Structure formats: C-alpha cells, structure tokens
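Q: Predicted coordinates and the sequence they were generated for:
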Amino acid sequence: MTDPDLDTSVDEQTRAEAAQVAPELTFADFDVHPDIVASLAALGIEHPFPIQAMTLPVALGGHDIIGQAKTGTGKTLGFGIPMLDRVVSPSDEGFADLRHAGKPQALAVAPTRELAVQVAGDLERAGRRRGVRIATIYGGRAFEPQVEQLQRGVEIVVGTPGRLLDLAKQGHLDLSHASIVVLDEADEMLDLGFLPDVERILALTAPSRQMMLFSATMPGAVVALARRYMSQPTHIRAMGDETENKHTVKAIEQFVYRAHALDKVEMLARMMQARDRGLTIIFSRTKRTAAKVADELTDRGFAAGAIHGDLGQGAREQALRAFRNGKIDILVATDVAARGIDVENVTHVVNYQCPEDEKTYVHRIGRTGRAGHTGIAVTFVDWDDAPRWGLINKALDLGIPEAVETYSSSPHLYTDLDIPEGTKGRLPRAARTREGLDAERLEDLGETGQRAGKGRQGGGGGRRARDGGSGGRDGGRGDRDGSHGTTERDRRSPDGGDGGPARPRRNRSRRRTRGGRPIDGQAPTQGGQDS
C-alpha cells in the first residue's frame, strides 16, 4: 500500500535488486560505524537481509521511513543500526560537551513487553562495542531500577507506551532531545488501543525528529498517524510473496483437525513426540487454557512453560528465557502475550483453540518456517468453531474448507506428523532430557503484585488462573502496555500482594438473635478470620 500523500516508495525493481545483492553486501558497505560492524561480526552477522539493505541507506541519511514488513524479516536491525550509528555515545569525542549528555537521544516504542525486551536485546548486542547505553522501560517491573538507570544516563530508550508515559509524567524521562523515533508494530499498537498514547509520546520528542514507522499492515489510522507526524517519508515494502496463500508461508505445512475437547491434550502429547520436532509454540485464546495446557503437558513429562496475562513479568521472562535457551521446548501462549515474540528454530506451531480470524491465524503460524526453514502448523477446530474456520479458509484461500475429524488414535495423525507408531500420551522417562522451567532463574523484578509465578512448573499462574478466576480472553489493555500486569488495586490489596505481610483482619463480635432480639444469656461469639 502506498499512500499518495506519502512521498517516495522503494519500487519493485529496487526491491528485486536489493534482494539479489544483499547476500553479497556487508554492513561495512553502508558506511556504518566500525564498532557496530565489529559487534555484528562477532555475532556472526555480516550480510544484511533485504529489508535491511533497503532501509539502511535511507535511514542513515536521516529520512523518515514507513517500513511495511512482517515480524521476523530482520527489520529490528534495519532501524536499530541507524539509531546506534547516529547517537553520540560516551566514548565519542564531544560527548562531554553535549548540553543534554545522558538524556535519551533516540526512542523505540513497542506494543508489548516481550517485543520491547527483544528489540532492546538486539540493540545492546549490536551496540556493545560503541558503548551505547540502552534502557528498557516497560510495566510489570519496579519503577526504581528504571528511574535509576535513566538518572545514570542513557542514549536509547526502548519501551511500551504506558510505562513511558508514566515516567515522563513523573519527570523521570526527558524525551525532548530524542531526535530519532521508531514505532515498531504500529498496527499492533492500533489493535491494542495505544495510538492515543503514542501521539502523546510523540509530542514529548524533539520537533525536528527523524521518524521510522514499521507495520505489517497499513490500516487507515496508521496512515493518518504517518501523515500527521512524518515529513515526506520513503515507503519501503518487504512482505515477501503475497500470492502464497495471502501472506501465509509456503514453507509451512498446514494441518487442520476437528478434535474432541476431552481428547485434545492426549492428541497434543502424542504430537509432541513427532520425529524431528524442535521448539514448539502452542496458542490458546484464553489465559486459563494456556495455564491448563502447560500444566497438563508438564504432568505428562514434557518441558513446557506458559506466557499469559495472569503471570507476573518475572515468570513471563523466565519462560521466554527457558524457551530460547532450550531448557523447555514447548511454550504455551495467548495471542496478546505472544505478540512480537521472535524465536529462532521453531519447528511446530499448534493452534490449540481455533484463531478468531485470518489475521490471527497468519500471525500465529508465522512463528515457524522462518529464514529459509520449513515448519508445521496444526490447528484444532472444535465443532462450534467450524463456521469460523470456514471464514479463515475462505479469506486465505487455503484449500482446507473442512477440518478432518481426528482422534489421538487416528492413523492419519501419526502419518501426517511423522509420529512413531505406538506413541502414547506420556513422554517416556528416557526422553525427558530437558532441564525444565525451574532450571531457569526467576528474577525478582520488584513486581507490585504476586499473582504470578507461584503455580506449577507449567506456569499456571497460581490458583486464580487454574480455577477460572481470570479465565477471560487475554486481549484487554491491562496495565497499558499490551499485557495484564498488576494494577494499583493489586498494590493496595490487603492480602500482601506486594510481597509484604498481609494485614490481619480485625475480630468482630457477633451476638445471636431471634426475631431481632438478643437471646438471653448468649455471650457474643468471636468471628475471627472466618467472620
């Protein structure tokens, strides 16, 4: 999509040329700071992806950019390298002479905590030799360490809208010198209702800023944002071959099964023993289901963890680290919690519950089949979900109008997914080689509520998540950064939600009455804790 009000576009020929030469180019060919090139080379990253080859010349020249690219195309370095290259670091000459030395010079805004952590991590690795200081600002963690980091001085801030605004309002975050601003996953921020917050953040940045906006789709509200805040942006598009099932990847083999609710976990447990299965992400629509599935798989001997809105940030980051480090190989996630997660070598994706629409379906299965690899996507369709699946199939032209009725004992399940014959729903002890979630350190992030991390190994998030107390869909705005962290009410709760001692309830005297009158000779009773 190219809007007539948006200046120039990188056309088809330019994209084709970039795709051809990108494998031969190195980052040094773009006049990138030598320390950045060295940091990338140390990580084994020498040649840019097509989106990077198209973005770098424009971004390094200080021009505004609208990048239309899906997650997993390498766009983080496409905007991250220019940020790292253009900021003045403490090791640069003239840093001490800056009037705003230590104030953020660049800002990247992400819709979710997990994406913010991922972007900041990529920038830290690429900017390590330059000595660029990067602060990651998001909710679910204590304010104090973030405030202290800002007070020590940073060059780049990566954060989610809610916490960025909170710290700015309190006077801890000064964005008035941020001359480079990146909005990552702008369409996701629209879906989560963050665009008003984003506009308030933009008003806090330098008027002469360079702005880069990246989005997989370009809905009207995102285009309107670009019109208001960008100056003659170049439109760069790197979406891949859109003729392949309308954004779905040809490298992903897709299976759709009509499954019985009582047989799903058994099917899943057998599927997780398929030959050559690597890292696997299982998607659910609700927090309660994510917790339940992770717990069930853990009980059956699998190394599984969960990410959903009822988990505190420490538990969520623990599960992600364990997944990336290979201590667990199964991650069960809700859609909101998994937004922006980019983990390499995911071989299987399972839609435990049918996605709401085709966009969610594409987002989910896009976690596999990346960077030239192949992947497998399996979708369970309940009887009630058959009409929904019909709409998804029609919108994406998948050629799978009906789900195949399937049970855990169905022969075609074994042949489709290459499951060894005789496999049952428990992982044999000899195959339990992963360390498990508990092997990954659970950080104390100073969270203001402890709804999380006290459940079982699967990451069930404690009693509330398992007994249905918070079983709604994980799609609300939560604490304004794309997740359902603790709230002010949690901080004030009398049950010691901040980790401190619970306040004792006062004893109340009760007198038995009959017909509204005290019974003679009856002494008051002490209600105590049960009153």
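A: That came through, no problem.

Q: CA only for contacts and neighbour counts going forward, please
A: Noted.

Q: And the helices in the stretch 151-300 of the chain, which stretches?
A: 161-169, 186-191, 195-202, 220-229, 264-271, 287-299 (DSSP state H, counting those that start in this stretch).

Q: Now tabulate these in CSV and tack on distance to residue 403 and mean neighbour count.
A: Output for the helices of the stretch 151-300 of the chain, formatted as CSV (distance: least, C-alpha to C-alpha, whole Å; neighbours: other C-alpha atoms under 10 Å):
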stretch, distance to residue 403, mean neighbour count
helix 161-169, 40, 19
helix 186-191, 29, 21
helix 195-202, 38, 17
helix 220-229, 34, 15
helix 264-271, 14, 20
helix 287-299, 21, 25
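
Q: Show me the strands in the stretch 101-250 of the chain, by range?
A: 106-109, 134-137, 156-159, 180-183, 210-215, 234-238 (DSSP state E, counting those that start in this stretch).

Q: Please name whichever of the ones you listed is nearest to residue 52.
A: Shortest distance between residue 52 and the strands of the stretch 101-250 of the chain, using C-alpha to C-alpha, is found for strand 234-238: 9.6 Å.

Q: Report how many residues lie close to residue 183.
A: 21 (other C-alpha atoms under 10 Å).

Q: what does residue 361 give?
A: Residue 361: 20 neighbours (other C-alpha under 10 Å).

Q: so it sits right up against residue 352, yeah?
A: No: counting by C-alpha atoms under 8 Å, residue 361 stays clear of residue 352, with 11.7 Å between them.

Q: Can you report phi and psi for residue 385?
A: With angles defined as degrees, to the nearest 10, residue 385 sits at phi -90, psi 0.

Q: Please give the number of neighbouring residues around it.
A: 16.

Q: nearest spatial neighbour of it, skipping sequence neighbours?
A: In this structure, residue 385 finds its nearest non-sequential neighbour in residue 354, 6.7 Å apart by C-alpha to C-alpha, 6 or more residues apart in numbering.

Q: For the one you found, what are phi and psi?
A: phi -60, psi 130.

Q: check contacts around it.
A: 284-285, 379-382, 385, 388-389 (C-alpha atoms under 8 Å, 6 or more residues apart in numbering).

Q: Correct me if wrong: residue 425 contacts residue 302.
A: No: Residue 425 is beyond contact range of residue 302, at 10.3 Å (criterion: C-alpha under 8 Å).

Q: Just give me how far stretch 397-411 sits from the chain centre.
A: Stretch 397-411 has its C-alpha centroid displaced from the chain centroid by 29 Å (C-alpha atoms, centre = their mean, to the nearest Å).

Q: Please enumerate residues in contact with it?
A: 245-246, 256-260, 263-264, 266-267, 270, 381, 386, 389-390, 393-394, 413.

Q: Could you tell me which ranges of the stretch 301-450 of the chain sit under the pLDDT cut-off?
A: Residue ranges of the stretch 301-450 of the chain with pLDDT under 70: 337-340, 371-372, 445-450.

Q: go on, the chain?
A: Counting by pLDDT under 70, the chain contains low-confidence ranges at 1-23, 70-72, 239-250, 337-340, 371-372, 445-531.

Q: Could you break it into its assigned domains?
A: 12-238, 252-439+447-466 (automatic domain parsing).

Q: in the stretch 301-450 of the chain, which spans are strands?
A: Assigned by DSSP E, counting those that start in this stretch, the strands in the stretch 301-450 of the chain fall at 304-307, 330-334, 346-351, 375-381, 404-405.
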